[in-house]
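Colleague: I would like to see how this sequence folds:
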Amino acid sequence: MKKLNPGLSLEQMQSEITALKSQIQVLEQERTALTQSNDVIVPENDSPWAIVEAYRRQARENAQLFAELKGIDDAIAALNAQLQQKQTELTHLPRKLQQINQKQQLEEAKEIAKAHAERINQIAGELATEIRQLKACADQLSPLYWQIYYKPFITGFKTISVPHVRSDGEVWTIVNRIV
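Modeller: Purely as a prediction, here's the structure:
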């Protein structure tokens with residue numbers, strides 16, 4: 001028996017199941033038509049042995065018919081097995097599709113997060129440059145500012161930090177870099 005394709009869509013799977021059911025129905029109708037005209041006539045009061053003999057006699061007399069019926073029965077059994085397998089796979093398909101959809105959503109969200117992280121790192125780099133330039137200005141102004149106002153112009157440069165996003169491929173971390 002062939003392996004089923006897990007990549008089939010829900011619609012394809014349902015159409016294959018419908019086709020199998022249709023083929024099984026056609027074979028059952030054919031079997032019914034063949035057997036209706038060749039029913040074994042057995043009197044009601046006959047012994048079990050007589051009933052068995054009547055069926056055997058008819059099978060010997062109509063060997064081609066019974067071979068064809070056996071072939072139809074075998075085909076129906078094979079199609080029923082295939083139908084059962086497809087129906088089983090169909091019940092598992094929504095779970096597989098859900099997992100695929102979740103993975104796609106995750107990948108899309110990771111791409112969006114990556115864009116935000118890159119933008120944060122870019123802005124953090126620009127902010128660090130601006131802070132260094134402000135510190136340079138403050139270093140120039142502070143002596144004169146002290147002379148006029150008796151206090152510092154700007155304080156807190158030792159503890160200024162900017163965020164930076166980094167990743168080891170699986171886990172992302174936001175760290176603070178001191179400027």
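Colleague: mind checking the longest helix of the chain?
Modeller: Using DSSP state H to define each element, the chain has its longest helix at helix 63-149.
Colleague: for it, packing partners?
Modeller: Applying 3 or more Cβ pairs under 8 Å, 6 or more residues apart in numbering; DSSP states H and E, we find helix 63-149 packed against helix 10-36, strand 161-167, strand 172-178. C-beta here means a position set from N, CA and C on the backbone, and glycine is covered the same way.
Colleague: tell me the angle it makes with helix 10-36.
Modeller: Here helix 63-149 runs at an angle of 170 degrees relative to helix 10-36 (axes from the mean of the first three to the mean of the last three Cα atoms, to 10 degrees).
Colleague: So for helix 63-149, mean pLDDT?
Modeller: Averaged over helix 63-149, pLDDT sits at 88.
Colleague: Distance from it to the middle of the chain?
Modeller: 12 Å (Cα atoms, centre = their mean, to the nearest Å).
Colleague: A helix includes I154, no?
Modeller: No: counting by DSSP: H, G, I helix; E, B strand; the rest coil, I154 falls outside a helix, being coil.
Colleague: could you list every residue that touches the nearest residue to it once chain neighbours are set aside?
Modeller: Closest residue in space to I154, ignoring its immediate chain neighbours: A138 at 4.3 Å, by Cβ to Cβ, 6 or more residues apart in numbering. Applying Cβ atoms under 8 Å, 6 or more residues apart in numbering, we find A138 in contact with 153-154, 157.
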